[in-house]
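Enquirer: here are the coordinates; sequence isn't available:
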């Protein structure tokens, strides 16, 4: 694809896509997924292609991915953009459609078969992020709009969850690494990001107790008491649940001062600056590189 000439300024792009200029600049700084050219007066100019890329990223975010997951999907699809992209993309969609149908027909044998097929064709990350993630989100959407029953939603969600769980349980634990608990903040129903983070931790050898969507009050303390973890990871994707998540972190910290608390999710990442500074020790970040850095710094303490 030709790069084309830069013809939109940041204000125009912000208007076309309905996204704040500040957010755009932050994404560019952090992920470098596009490189706007600057005109004589030093203003950023965006090409048609840049706008298309941004539009694609925003569509993924609207499906429930974080910006960093969307960027890594973009990088993965760009790598295979050449001749292989069309059939591969269709292949994911095709398996995805069949899998959704199988799940909504409560056909677990067929669903297992399709997921096994996906694992034989794609990497673990691609299967989880491109195939299972979107289905988890779609099932939630169908349920919210009343197109499927609660029974369908429970069956499909717990099926996919158990496959991702089973997969990440197959990695051997490293007994030197501290135990961890991963749970969504109060009121949170979106657990995809946390599942992917748990998968990442388990691949590094961590023993992680994954609790999924938010628990009833005080239940978390019961689990902490029993597991005695060194790490507690809390995920929050919706801004309206942020305060409750931070409050929960504070309360747990009071009772267990030695527990290291990690906060993640899009609502944590988009906190106001002064809050980010206040909690900067706890924010694990959104990209794999940030996760690595955060963990490395804290693992040193156990050496």
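Expert: Ah, there it is. What you see is a predicted model; the values in this text were computed from it and never measured.

Enquirer: quick one: buried residues of the stretch of helix or strand residue 297 belongs to?
Expert: Residue 297 belongs to helix 288-299 when assigned by DSSP states H and E. In terms of neighbour count (16 or more other CB atoms under 10 Å), helix 288-299 has its buried residues at 290, 291, 294, 295, 298, 299. All C-beta atoms are positioned from the backbone trio N, CA, C, and that covers glycine.

Enquirer: residue 12: which of the residues you listed is nearest?
Expert: Residue 12 has its nearest neighbour among the buried residues of helix 288-299 in residue 290, at 30.9 Å by CB to CB.

Enquirer: tell me the spacing between that closest one and residue 283.
Expert: Using CB to CB, to the nearest Å, residue 290 is found at 9 Å from residue 283.

Enquirer: how about residue 210?
Expert: Computed with CB to CB, the distance linking residue 210 and residue 283 is 20 Å.

Enquirer: what about the two, which has more around it?
Expert: Between residue 210 and residue 283, residue 210 has the larger neighbour count (other CB atoms under 10 Å), namely 22 against 18.

Enquirer: so where's the stretch 151-300 of the chain shaky on pLDDT?
Expert: For the stretch 151-300 of the chain, the stretches flagged by pLDDT under 70 are 168-173, 217.

Enquirer: and what about residue 34, helix, strand or coil?
Expert: coil (DSSP: H, G, I helix; E, B strand; the rest coil).

Enquirer: close enough to count as contact, it and residue 55?
Expert: No: with contact defined as CB atoms under 8 Å, residue 34 does not reach residue 55; the gap is 11.5 Å.

Enquirer: looking at the two, which is more packed in?
Expert: More crowded of residue 34 and residue 55, by other CB under 10 Å: residue 34, with 19 against 13.

Enquirer: could you find the closest non-adjacent residue to that one?
Expert: residue 50 (4.6 Å; CB to CB, 6 or more residues apart in numbering).

Enquirer: what do you get for residue 36?
Expert: residue 44 is the one closest to residue 36 (CB to CB, 6+ apart), at 4.0 Å.
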